[in-house]
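Visitor: Below is the sequence, then the predicted model.
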Amino acid sequence: QVQLQESGPGLVKPSQTLSLACTVSGASITNSAYAWSWIRQPPGKGLEWMGLITYDGSTYYSPSLQSRTSISRDTSKNQFSLQLTSVTPEDTADYYCYGHGCGYDFWGQGTQVTVSS
């Protein structure tokens, strides 16, 4: 059973960098069958795909967030991470890590991040 768990601070100050990690169990992030994404949902709005990292470390980003977003991985921990720079209150959202492959979708439980001074 594939499980994803987000971790990171719940409060970030404006202009700082938001950093989250997603620990994956039950599947290797280097398995070519899977790709791993970050998705967010601001209060009262829909889901927004932010970007993904593939089994070989290739990354793809939403054009609207590309200049501020970086996704990386630590294969020794079976983790992938999100960094979002220069945050504003508009980046307040529930952040989810997500994996898909072999015909299945896997979601983390989500973590709420508030951008506020």
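Guide: Cool, the structure landed. Numbering: from 1, shown residues only.
Visitor: When you work out contacts or count neighbours from here on, use the C-alpha atoms and nothing else.
Guide: Will do.
Visitor: Could you report the neighbour count for residue 22?
Guide: Neighbourhood size, residue 22 [other C-alpha atoms under 10 Å]: 26.
Visitor: whoops, I mixed them up, residue 117
Guide: Neighbours around residue 117, by other C-alpha under 10 Å: 10.
Visitor: hang on, it packs against residue 13?
Guide: Yes - in this structure, residue 117 is within contact of residue 13 by C-alpha atoms under 8 Å, at 5.0 Å.
Visitor: which SSE is residue 21 in?
Guide: Remark: residue 21 resides in strand 18-25, with elements defined by DSSP states H and E.
Visitor: Next, the buried residues of that strand.
Guide: For strand 18-25, a neighbour-count test (16 or more other C-alpha atoms under 10 Å) marks 18-24 as buried.
Visitor: what lines up beside the helix or strand that that strand is followed by in the sheet?
Guide: As assigned by DSSP H and E, the chain's next helix or strand after strand 18-25 is strand 34-41. Strand pairing for strand 34-41, determined by DSSP bridges: strand 48-54 (antiparallel), strand 93-101 (antiparallel).
Visitor: Find the residue at the geometric middle of the chain.
Guide: residue 38 (2.9 Å; C-alpha atoms, centre = their mean).
Visitor: dump the residue contacts of that residue.
Guide: Residue 38 is in contact with 49-52, 82, 95-98, counting by C-alpha atoms under 8 Å, 6 or more residues apart in numbering.
Visitor: All set, thanks.
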